[in-house]
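Participant: got a predicted model here, sequence first, then my questions.
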Protein chains: 2
Amino acid sequence: MNQARRGRPRDAQVDERILRTAAGLLLERGYPGLSIDEVAERAGVAKTTLYRRWPTKDHLAVAVVARLQDDDRIDDTGDIRRDLTGYMEKIADALNRMRSAGRPADRDDRSAGVVAELVAAGARHDDIGEMGRQVYARRNALALGLIERARLRGELRADLDAAVLLDQLAGALYYRVLVTGAPVDRAYAERLVAGALDGALNRKEPPTCP
Amino acid sequence: MNQARRGRPRDAQVDERILRTAAGLLLERGYPGLSIDEVAERAGVAKTTLYRRWPTKDHLAVAVVARLQDDDRIDDTGDIRRDLTGYMEKIADALNRMRSAGRPADRDDRSAGVVAELVAAGARHDDIGEMGRQVYARRNALALGLIERARLRGELRADLDAAVLLDQLAGALYYRVLVTGAPVDRAYAERLVAGALDGALNRKEPPTCP
DNA sequence: GTTATTACGCTACTGTAGTAGCGAAAAGGA
DNA sequence: TCCTTTTCGCTACTACAGTAGCGTAATAAC
């Protein structure tokens, strides 16, 4: 792919200037402060040029945030509790990075901010939703591998519902950011993994030895 | 509160007409199809009158959806597995009701639709966010009571982290609707509760009886 | 009654996302 | 060199959220 195209080639510096400008506005002023007109003006670019690359403001915002994400590898140390906790911390870090965008540091920050707008963007545009689902699928496949190896080592139940386990873990983080406004930090990641591993049922039964 | 006010009283029929019209548009065409100008025109009301009641489109949408929700009581039958499953089904029903708004029935419906827009509305406006958190807090307090009673009956671990358990349960539902696009139905509710109750760790140790 | 107060409808306005159409510039292919 | 294709900048436009100001209607307090 990427063969030599026919007409005038795109100016890569234009892409760069737009994305840098948009990133500045988005991180400083949040989603409503990301104005297409202002991005175009500050980047020294016609608005139509911008729309030739990203068809909506949502698409531009997704492109900006996608550049800020680091890789989504997952460590496998052989200790499932430690590895899942590390995985949760990675997700929490990514969420917290977006969460604080666009608001003064002194403010009581319970808002989902940019995270919520990106989720909504995925709901508004099929292609963005599909991108998000692919990111999720990739991340989830890696985590399923981690769990499967731990299961084979005997750390986890043989009949474990791994998909549900991952929904519970990641879901709790998103839920706190998007719905309850509660913080997601290292301490919570540890409580979360502990709860999921241990289960809720009471198992203390007096050993029945004849 | 609600003392006799000074000036001309508000026309309750105006509220009703606006909300009915807005509900029709929102459920039929989804969030982008909810146009303030069109609501005002169809309801036979000036746009300024509408804005006197709901300061933004987001507020109007929240008011519409709030009227569609039923009560959030939680059954307590004495069987924690059954009760939690019922609670999950209630949340799933509410999510699914909003999820299908505004799209043709034949379409492959992975989108979060109105749910995502409402979450974003909570992030955009502090007062809406606060409302959402109060709904959550109320619901959560009821569920915490349910869990505490089950714990006292001995069904659940004495050292259970109940807050985390509820985050895991409700979080998984929201996560599937908002992020992964997976369905949330009765079968999933059962898997979810089973996973949370049983835990992930392998506990099969040969009983050590001398 | 009169007055103060609030609701309502109306017109006109701003700001922003997104589109249409045009001419000029930059490339490849003939 | 000439033709085609695509990019880019420009101007002008639509659609929609939200606001400002005004005249008028409906109510309570006096």
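Facilitator: Received the coordinates, thanks.
Participant: for the residue of chain A found nearest DNA strand D, identify the helix or strand it belongs to.
Facilitator: Nearest to DNA strand D, among the residues of chain A, is residue A:7, at 1.9 Å (C-beta to the nearest atom of the strand). From N, CA and C alone the C-beta is placed, and that goes for glycine too. Assessed by DSSP states H and E, residue A:7 sits outside every helix and strand.
Participant: near chain B at all, the lengthiest helix in chain A?
Facilitator: Determined from DSSP state H, the single longest helix within chain A is helix A:126-153. Yes - judged by C-beta under 8 Å from any C-beta of the partner chain, helix A:126-153 and chain B are in contact via A:126, A:129, A:132, A:133, A:136, A:140, A:151.
Participant: show me what that helix is packed up against.
Facilitator: Helix A:126-153 sits against helix A:57-68, helix A:80-99, helix A:113-124, helix A:162-175, with contacts defined as 3 or more C-beta pairs under 8 Å, 6 or more residues apart in numbering or on different chains; DSSP states H and E.
Participant: export those as a markdown table, with columns for distance to DNA strand C and mean neighbour count.
Facilitator: Shown next, in a markdown table, are those (distance: least, C-beta to the nearest atom of the strand, whole Å; neighbours: other C-beta atoms under 10 Å in any protein chain shown):
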| stretch | distance to DNA strand C | mean neighbour count |
| --- | --- | --- |
| helix A:57-68 | 3 | 18 |
| helix A:80-99 | 18 | 19 |
| helix A:113-124 | 8 | 25 |
| helix A:162-175 | 24 | 24 |
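Participant: how about JSON lines for those helices, with mean pLDDT added?
Facilitator: Output for those, formatted as JSON lines (pLDDT from 0 to 100):
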{"stretch": "helix A:57-68", "mean pLDDT": "96"}
{"stretch": "helix A:80-99", "mean pLDDT": "94"}
{"stretch": "helix A:113-124", "mean pLDDT": "95"}
{"stretch": "helix A:162-175", "mean pLDDT": "98"}
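Participant: out of those, which comes closest to residue B:63?
Facilitator: helix A:113-124 (18.6 Å; C-beta to C-beta).
Participant: how about the closest one and chain B, touching?
Facilitator: Yes - for helix A:113-124, a contact with chain B is found by C-beta under 8 Å from any C-beta, at A:113, A:115, A:116, A:117, A:119, A:120, A:122, A:123, A:124.
Participant: now the residue of chain A closest to DNA strand D: how far from chain B?
Facilitator: 34 Å (C-beta to the nearest C-beta, to the nearest Å).
Participant: what does the pLDDT read for residue A:4?
Facilitator: Residue A:4 carries a pLDDT value of 61.
Participant: picking that back up, show me which of the residues of helix A:126-153 next to chain B is closest to residue B:71.
Facilitator: The closest of the residues of helix A:126-153 next to chain B, once distances to residue B:71 are taken by C-beta to C-beta, is residue A:129, at 32.0 Å.
Participant: how close does the closest residue to residue A:136 other than its chain neighbours sit to residue B:100?
Facilitator: On the basis of C-beta to C-beta, 6 or more residues apart in numbering or on different chains, the spatially nearest residue to residue A:136 that is not a chain neighbour turns out to be residue B:180, at 5.3 Å. Residue B:180 sits at a distance of 17 Å from residue B:100 (criterion: C-beta to C-beta, to the nearest Å).
Participant: low-confidence ranges, chain A, go.
Facilitator: Of all residues in chain A, those with pLDDT under 70 make up the ranges A:1-4, A:101-112, A:204-210.
Participant: in it, what residue lies closest to chain B?
Facilitator: residue A:199 (2.1 Å; C-beta to the nearest C-beta).
Participant: residue contacts, that residue?
Facilitator: If you count contacts by C-beta atoms under 8 Å, 6 or more residues apart in numbering or on different chains, residue A:199 has them with B:157, B:196, B:197, B:198, B:199, B:200, B:201.
Participant: how about the last one, nearest residue that isn't a chain neighbour?
Facilitator: Yep, that's residue B:201 we're talking about. Using C-beta to C-beta, 6+ apart, the closest residue to residue B:201 is residue A:197 (4.9 Å).
Participant: hang on, residue A:191 packs against residue B:164?
Facilitator: Yes - with contact defined as C-beta atoms under 8 Å, residue A:191 reaches residue B:164; the gap is 5.2 Å.
Participant: show residues contacting stretch A:115-128.
Facilitator: Counting by C-beta under 8 Å, 6+ apart, A:31, A:56, A:58-59, A:61-62, A:65, A:95, A:98-99, A:129, A:131-132, A:177-178, B:31-32, B:111-113, B:115-117, B:119-120, B:122-124, B:178-179 sit against stretch A:115-128.
Participant: now, which of those lie close to DNA strand D?
Facilitator: Of the residues in the contacts of stretch A:115-128, proximity to DNA strand D by C-beta under 7 Å from any atom of the strand holds for none.
Participant: can you list the domains in chain A?
Facilitator: A:12-67, A:71-197 (automatic domain parsing).
Participant: nearest to residue B:44, out of the ones you listed?
Facilitator: Nearest of the domains of chain A (C-beta to C-beta): domain A:71-197, 29.8 Å.
Participant: on that earlier part again, could I get the domains of chain A as TSV with distance to residue B:22?
Facilitator: Shown next, in TSV, are those (distance: least, C-beta to C-beta, whole Å):
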stretch	distance to residue B:22
domain A:12-67	23
domain A:71-197	19
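Participant: need phi/psi at the residue of chain A closest to DNA strand D.
Facilitator: phi -80, psi -160 (degrees, to the nearest 10).
Participant: re earlier: of the residues of helix A:126-153 next to chain B, buried ones?
Facilitator: A:129, A:132, A:133, A:136, A:140, A:151 (16 or more other C-beta atoms under 10 Å in any protein chain shown).
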